[in-house]
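Asker: structural data only, the sequence is not supplied:
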(Lines give C-alpha, C1' and ligand atoms only; values in the text may rest on other atoms or scores of the structure.)
Protein backbone atom coordinates (compact mmCIF):
# COMPACT_ATOMS: atom_id res chain seq x y z
CA UNK A 1 0.00 0.00 0.00
CA UNK A 2 1.06 3.61 -0.38
CA UNK A 3 0.50 6.59 1.87
CA UNK A 4 1.32 9.41 -0.53
CA UNK A 5 -1.11 10.10 -3.35
CA UNK A 6 -0.65 13.79 -4.11
CA UNK A 7 2.13 13.07 -6.60
CA UNK A 8 0.39 10.15 -8.31
CA UNK A 9 -1.32 11.18 -11.52
CA UNK A 10 -4.91 10.02 -11.76
CA UNK A 11 -4.14 8.39 -15.10
CA UNK A 12 -1.38 6.20 -13.65
CA UNK A 13 -2.08 2.61 -12.56
CA UNK A 14 -0.52 1.85 -9.18
CA UNK A 15 -1.37 -1.49 -7.64
CA UNK A 16 -2.71 -1.13 -4.10
CA UNK A 17 -0.07 -3.56 -2.79
CA UNK A 18 2.82 -1.46 -4.13
CA UNK A 19 4.77 0.41 -1.43
CA UNK A 20 5.63 4.02 -2.27
CA UNK A 21 7.56 6.29 0.07
CA UNK A 22 6.97 9.95 0.79
CA UNK A 23 7.07 12.50 -2.02
CA UNK A 24 7.07 9.89 -4.78
CA UNK A 25 5.80 11.19 -8.13
CA UNK A 26 4.21 8.87 -10.70
CA UNK A 27 3.38 10.41 -14.06
CA UNK A 28 0.41 9.73 -16.34
CA UNK A 29 0.03 6.32 -17.95
CA UNK A 30 2.76 4.73 -15.85
CA UNK A 31 2.13 1.27 -14.40
CA UNK A 32 3.44 0.13 -11.01
CA UNK A 33 3.02 -3.56 -10.09
CA UNK A 34 2.09 -5.16 -6.77
CA UNK A 35 5.60 -6.21 -5.67
CA UNK A 36 7.27 -2.86 -6.32
CA UNK A 37 8.87 -0.88 -3.50
CA UNK A 38 9.90 2.73 -4.20
CA UNK A 39 11.86 4.97 -1.82
CA UNK A 40 11.17 8.56 -0.79
CA UNK A 41 11.48 11.36 -3.31
CA UNK A 42 11.73 9.23 -6.43
CA UNK A 43 10.29 10.77 -9.59
CA UNK A 44 8.71 8.47 -12.16
CA UNK A 45 7.75 10.15 -15.39
CA UNK A 46 4.91 9.26 -17.77
CA UNK A 47 4.69 5.94 -19.59
CA UNK A 48 7.06 4.06 -17.25
CA UNK A 49 6.42 0.39 -16.44
CA UNK A 50 7.78 -1.19 -13.24
CA UNK A 51 6.67 -4.72 -12.42
CA UNK A 52 7.88 -7.87 -10.68
CA UNK A 53 9.96 -7.89 -7.49
CA UNK A 54 11.56 -4.48 -7.76
CA UNK A 55 13.07 -2.36 -4.98
CA UNK A 56 14.05 1.20 -5.90
CA UNK A 57 15.77 3.51 -3.43
CA UNK A 58 15.41 7.21 -2.73
CA UNK A 59 15.74 10.21 -5.00
CA UNK A 60 15.84 8.39 -8.33
CA UNK A 61 14.58 9.91 -11.59
CA UNK A 62 13.07 7.52 -14.14
CA UNK A 63 12.11 8.95 -17.51
CA UNK A 64 9.38 7.98 -20.02
CA UNK A 65 9.15 4.54 -21.61
CA UNK A 66 11.64 2.92 -19.25
CA UNK A 67 10.84 -0.67 -18.27
CA UNK A 68 12.11 -2.13 -15.00
CA UNK A 69 11.64 -5.61 -13.59
CA UNK A 70 10.26 -7.48 -16.57
CA UNK A 71 11.31 -11.13 -17.17
CA UNK A 72 14.83 -11.72 -18.52
CA UNK A 73 15.51 -12.43 -22.17
CA UNK A 74 16.75 -15.91 -21.33
CA UNK A 75 15.21 -19.00 -22.91
CA UNK A 76 15.91 -20.95 -19.70
CA UNK A 77 13.88 -18.57 -17.54
CA UNK A 78 11.18 -20.59 -15.80
CA UNK A 79 9.16 -17.86 -14.13
CA UNK A 80 11.13 -17.95 -10.87
CA UNK A 81 10.44 -15.02 -8.48
CA UNK A 82 13.68 -13.17 -9.15
CA UNK A 83 14.22 -9.46 -8.59
CA UNK A 84 15.77 -6.08 -9.36
CA UNK A 85 17.32 -3.83 -6.71
CA UNK A 86 18.27 -0.23 -7.51
CA UNK A 87 20.01 2.15 -5.10
CA UNK A 88 19.61 5.89 -4.57
CA UNK A 89 19.83 9.00 -6.75
CA UNK A 90 20.18 7.32 -10.10
CA UNK A 91 18.97 8.85 -13.36
CA UNK A 92 17.45 6.49 -15.93
CA UNK A 93 16.64 8.36 -19.11
CA UNK A 94 14.11 7.42 -21.76
CA UNK A 95 13.72 3.80 -22.88
CA UNK A 96 16.05 2.27 -20.28
CA UNK A 97 15.49 -1.43 -19.62
CA UNK A 98 16.47 -3.34 -16.48
CA UNK A 99 15.51 -7.01 -16.46
CA UNK A 100 15.22 -9.12 -13.34
CA UNK A 101 17.60 -11.99 -12.59
CA UNK A 102 17.44 -15.70 -13.28
CA UNK A 103 17.49 -18.63 -10.90
CA UNK A 104 20.81 -19.87 -12.27
CA UNK A 105 22.43 -16.44 -12.07
CA UNK A 106 21.69 -15.71 -8.43
CA UNK A 107 18.22 -14.32 -8.97
CA UNK A 108 19.16 -10.64 -8.73
CA UNK A 109 19.95 -7.74 -11.04
CA UNK A 110 21.46 -4.93 -8.97
CA UNK A 111 22.28 -1.28 -9.68
CA UNK A 112 24.12 0.83 -7.11
CA UNK A 113 23.68 4.54 -6.44
CA UNK A 114 24.48 7.83 -8.21
CA UNK A 115 24.49 6.28 -11.69
CA UNK A 116 23.55 8.04 -14.91
CA UNK A 117 21.98 5.86 -17.61
CA UNK A 118 21.32 7.62 -20.91
CA UNK A 119 18.64 6.88 -23.50
CA UNK A 120 18.21 3.24 -24.43
CA UNK A 121 20.54 1.68 -21.85
CA UNK A 122 19.95 -2.06 -21.52
CA UNK A 123 20.84 -3.89 -18.29
CA UNK A 124 20.25 -7.62 -18.75
CA UNK A 125 19.54 -10.29 -16.16
CA UNK A 126 21.89 -10.94 -13.25
CA UNK A 127 24.09 -7.91 -13.93
CA UNK A 128 25.71 -6.11 -11.02
CA UNK A 129 26.38 -2.39 -11.46
CA UNK A 130 28.39 -0.35 -8.98
CA UNK A 131 28.10 3.27 -7.86
CA UNK A 132 28.79 6.44 -9.88
CA UNK A 133 28.71 4.69 -13.25
CA UNK A 134 27.85 6.35 -16.55
CA UNK A 135 26.21 4.63 -19.51
CA UNK A 136 25.96 6.66 -22.71
CA UNK A 137 23.09 6.17 -25.17
CA UNK A 138 22.31 2.53 -25.97
CA UNK A 139 25.05 1.11 -23.76
CA UNK A 140 24.18 -2.58 -23.62
CA UNK A 141 25.06 -5.35 -21.19
CA UNK A 142 24.38 -9.03 -21.79
CA UNK A 143 23.61 -11.18 -18.76
CA UNK A 144 25.85 -11.69 -15.72
CA UNK A 145 28.07 -8.65 -16.38
CA UNK A 146 29.85 -6.89 -13.51
CA UNK A 147 30.45 -3.13 -13.87
CA UNK A 148 32.52 -1.71 -11.04
CA UNK A 149 32.35 1.77 -9.47
CA UNK A 150 33.02 4.88 -11.58
CA UNK A 151 33.13 2.96 -14.88
CA UNK A 152 31.93 4.51 -18.13
CA UNK A 153 30.28 2.61 -20.99
CA UNK A 154 30.30 4.54 -24.26
CA UNK A 155 27.40 4.99 -26.66
CA UNK A 156 26.21 1.95 -28.61
CA UNK A 157 28.73 -0.33 -26.93
CA UNK A 158 27.97 -3.97 -26.16
CA UNK A 159 29.44 -6.09 -23.37
CA UNK A 160 29.45 -9.90 -23.68
CA UNK A 161 27.88 -12.00 -20.94
CA UNK A 162 30.02 -12.82 -17.88
CA UNK A 163 32.50 -10.02 -18.63
CA UNK A 164 33.73 -7.50 -16.06
CA UNK A 165 34.32 -3.79 -16.50
CA UNK A 166 36.88 -2.65 -13.93
CA UNK A 167 36.74 0.33 -11.61
CA UNK A 168 37.30 3.68 -13.35
CA UNK A 169 37.44 1.87 -16.70
CA UNK A 170 36.43 3.85 -19.77
CA UNK A 171 34.88 1.87 -22.64
CA UNK A 172 34.71 4.05 -25.74
CA UNK A 173 31.68 4.34 -28.00
CA UNK A 174 30.69 1.59 -30.43
CA UNK A 175 32.93 -0.94 -28.70
CA UNK A 176 32.38 -4.70 -28.58
CA UNK A 177 33.76 -6.06 -25.30
CA UNK A 178 34.21 -9.83 -25.20
CA UNK A 179 36.78 -10.07 -22.40
CA UNK A 180 37.27 -8.19 -19.14
CA UNK A 181 38.07 -4.47 -19.49
CA UNK A 182 40.93 -3.47 -17.21
CA UNK A 183 40.34 -1.00 -14.36
CA UNK A 184 41.74 2.53 -14.83
CA UNK A 185 42.24 1.92 -18.55
CA UNK A 186 40.85 3.12 -21.88
CA UNK A 187 39.30 0.32 -23.93
CA UNK A 188 37.70 0.88 -27.31
CA UNK A 189 37.00 -0.77 -30.65
CA UNK A 190 35.34 -3.70 -32.40
CA UNK A 191 36.73 -6.01 -31.14
CA UNK A 192 37.80 -3.84 -28.27
CA UNK A 193 41.48 -3.23 -27.54
CA UNK A 194 43.02 -1.53 -24.53
CA UNK A 195 45.12 1.57 -25.20
CA UNK A 196 46.61 2.10 -21.77
CA UNK A 197 45.76 4.10 -18.69
CA UNK A 198 42.81 6.49 -18.86
CA UNK A 199 45.01 9.43 -17.84
CA UNK A 200 42.49 12.20 -18.50
CA UNK A 201 39.69 10.42 -16.66
CA UNK A 202 41.87 9.62 -13.65
CA UNK A 203 43.07 13.23 -13.40
CA UNK A 204 39.47 14.42 -13.48
CA UNK A 205 38.64 11.90 -10.75
CA UNK A 206 41.35 13.35 -8.51
CA UNK A 207 44.01 10.64 -8.70
CA UNK A 208 47.53 11.87 -7.99
CA UNK A 209 50.20 12.02 -10.67
CA UNK A 210 52.21 9.50 -8.66
CA UNK A 211 49.36 6.96 -8.73
CA UNK A 212 48.76 7.47 -12.44
CA UNK A 213 52.46 7.00 -13.22
CA UNK A 214 52.55 3.82 -11.09
CA UNK A 215 49.55 2.41 -12.96
CA UNK A 216 51.18 3.23 -16.28
CA UNK A 217 54.45 1.55 -15.27
CA UNK A 218 52.56 -1.50 -14.04
CA UNK A 219 50.49 -1.82 -17.21
CA UNK A 220 53.51 -1.52 -19.47
CA UNK A 221 55.39 -4.12 -17.43
CA UNK A 222 52.51 -6.61 -17.29
CA UNK A 223 51.84 -6.55 -21.01
CA UNK A 224 55.37 -6.22 -22.38
CA UNK A 225 56.06 -8.79 -25.07
CA UNK A 226 58.06 -11.93 -24.45
CA UNK A 227 57.28 -12.22 -20.72
CA UNK A 228 54.89 -14.74 -19.21
CA UNK A 229 51.92 -13.06 -17.60
CA UNK A 230 52.31 -14.56 -14.12
CA UNK A 231 56.00 -13.65 -14.03
CA UNK A 232 55.16 -10.07 -15.01
CA UNK A 233 52.43 -9.87 -12.36
CA UNK A 234 54.83 -11.09 -9.69
CA UNK A 235 57.42 -8.50 -10.69
CA UNK A 236 54.84 -5.72 -10.58
CA UNK A 237 53.67 -6.83 -7.15
CA UNK A 238 57.22 -6.72 -5.85
CA UNK A 239 58.05 -3.29 -7.26
CA UNK A 240 54.71 -1.44 -7.16
CA UNK A 241 52.48 -3.51 -4.91
CA UNK A 242 52.42 -0.78 -2.26
CA UNK A 243 50.17 1.29 -4.56
CA UNK A 244 46.59 0.07 -3.86
CA UNK A 245 45.38 0.73 -7.39
CA UNK A 246 48.21 -1.37 -8.84
CA UNK A 247 47.40 -4.22 -6.47
CA UNK A 248 43.78 -3.95 -7.57
CA UNK A 249 44.78 -4.24 -11.22
CA UNK A 250 46.95 -7.29 -10.52
CA UNK A 251 44.13 -9.02 -8.65
CA UNK A 252 41.65 -8.12 -11.40
CA UNK A 253 43.85 -9.84 -13.99
CA UNK A 254 44.46 -12.91 -11.85
CA UNK A 255 40.76 -13.38 -11.10
CA UNK A 256 39.62 -13.13 -14.73
CA UNK A 257 37.69 -16.14 -16.01
CA UNK A 258 37.21 -14.90 -19.59
CA UNK A 259 40.67 -13.34 -19.83
CA UNK A 260 41.39 -9.63 -20.01
CA UNK A 261 41.73 -7.32 -22.98
CA UNK A 262 45.51 -6.71 -23.13
CA UNK A 263 47.06 -3.29 -23.43
CA UNK A 264 48.27 -2.49 -26.92
CA UNK A 265 51.57 -0.80 -26.11
CA UNK A 266 52.47 2.20 -28.25
CA UNK A 267 49.11 2.39 -30.01
CA UNK A 268 46.54 5.20 -29.92
CA UNK A 269 42.79 4.71 -30.29
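Answerer: That came through, no problem. All values reported here derive from a predicted model rather than from experimental measurement.
Asker: by residue count, which helix of this structure is the longest?
Answerer: helix 209-222 (DSSP state H).
Asker: quick one: residue 236 is in a helix?
Answerer: Yes: Residue 236 sits within a helix when classified using DSSP: H, G, I helix; E, B strand; the rest coil.
Asker: just to revisit the earlier point, show me what the longest helix of the chain is packed against.
Answerer: Applying 3 or more Cβ pairs under 8 Å, 6 or more residues apart in numbering; DSSP states H and E, we find helix 209-222 packed against strand 192-197, helix 199-204, helix 229-240, helix 244-254. For glycine as for every other residue, the C-beta is placed from the backbone atoms N, C-alpha and C.
Asker: for the first one, packing partners?
Answerer: Right, strand 192-197. In terms of contacts (3+ Cβ pairs under 8 Å, 6+ apart), strand 192-197 is packed against strand 185-189, helix 209-222.
Asker: show me what the shortest one packs onto, helices and strands only.
Answerer: Applying 3+ Cβ pairs under 8 Å, 6+ apart, one finds that strand 185-189 makes contact with strand 170-171, strand 192-197.
Asker: if we go to 6 Å?
Answerer: Packing partners of strand 185-189 (3 or more Cβ pairs under 6 Å, 6 or more residues apart in numbering; DSSP states H and E): strand 192-197.
Asker: what about the strand it packs on, distance to the chain center?
Answerer: How far strand 192-197 lies from its chain's middle: 19 Å, per Cα atoms, centre = their mean, to the nearest Å.
Asker: what's the angle between it and helix 209-222?
Answerer: Using axes from the mean of the first three to the mean of the last three Cα atoms, to 10 degrees, the inter-axis angle of strand 192-197 relative to helix 209-222 is 130 degrees.
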